[in-house]
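>>> Attaching a predicted model along with its sequence, questions to come.
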Amino acid sequence: MWDTTYSLEDYMDIFQSKKLTREEEKKRDAMLIKLMNFNSWYTLLEIFDVDTVKRYLLTDDVINGLFPRPLRKKYDFARNLLQ
């Protein structure tokens, strides 16, 4: 998270919080997008359990933030398989 002013602790607090503001949701989604852009599917499954992946990583907001576009299709496919 080299390009943000938020610390790891800030992100951990946001991720573990039960109720988030819209701004905090955007920060969480930005963190997840970076993780997904730079890590393999298998690495993500080592970091998060499948329920967490389905609930937070495989959302429209997160998937639409991925780059390049073919990566979006891969995660959309994974979301469809896990539903």
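Good, I have the coordinates. Numbers count the residues shown, from 1 in each chain.
>>> how about stretch 52-67: buried residues?
V53, Y56, L57, L58, T59, V62, I63, G65, L66 (16 or more other Cβ atoms under 10 Å). Just so you know, the C-beta spots here come from the backbone N, C-alpha and C atoms, and that holds for glycine as well.
>>> Just list the residues touching the residue nearest the centre of the chain, thanks.
Taking Cα atoms, centre = their mean, the centroid of the chain lies closest to L32, which sits 2.5 Å from it. By Cβ atoms under 8 Å, 6 or more residues apart in numbering, L32 lies in contact with Y56, L57, V62.
>>> out of those residues, which are inside strands?
Assigned to strands by DSSP state E, none of those qualify.
>>> From the residues you listed, pick the one nearest L45.
L57 (10.0 Å; Cβ to Cβ).
>>> State the distance from the nearest residue to that closest one once chain neighbours are set aside to I14.
The shortest distance from L57 to any non-neighbouring residue, by Cβ to Cβ, 6 or more residues apart in numbering, is to L32 (5.4 Å). Noted for L32: a distance of 11 Å to I14, by Cβ to Cβ, to the nearest Å.
>>> re earlier: and which of the buried residues of stretch 52-67 is nearest N37?
L66 (6.0 Å).
>>> secondary structure class for that closest one?
The three-state assignment at L66 reads coil, by DSSP: H, G, I helix; E, B strand; the rest coil.
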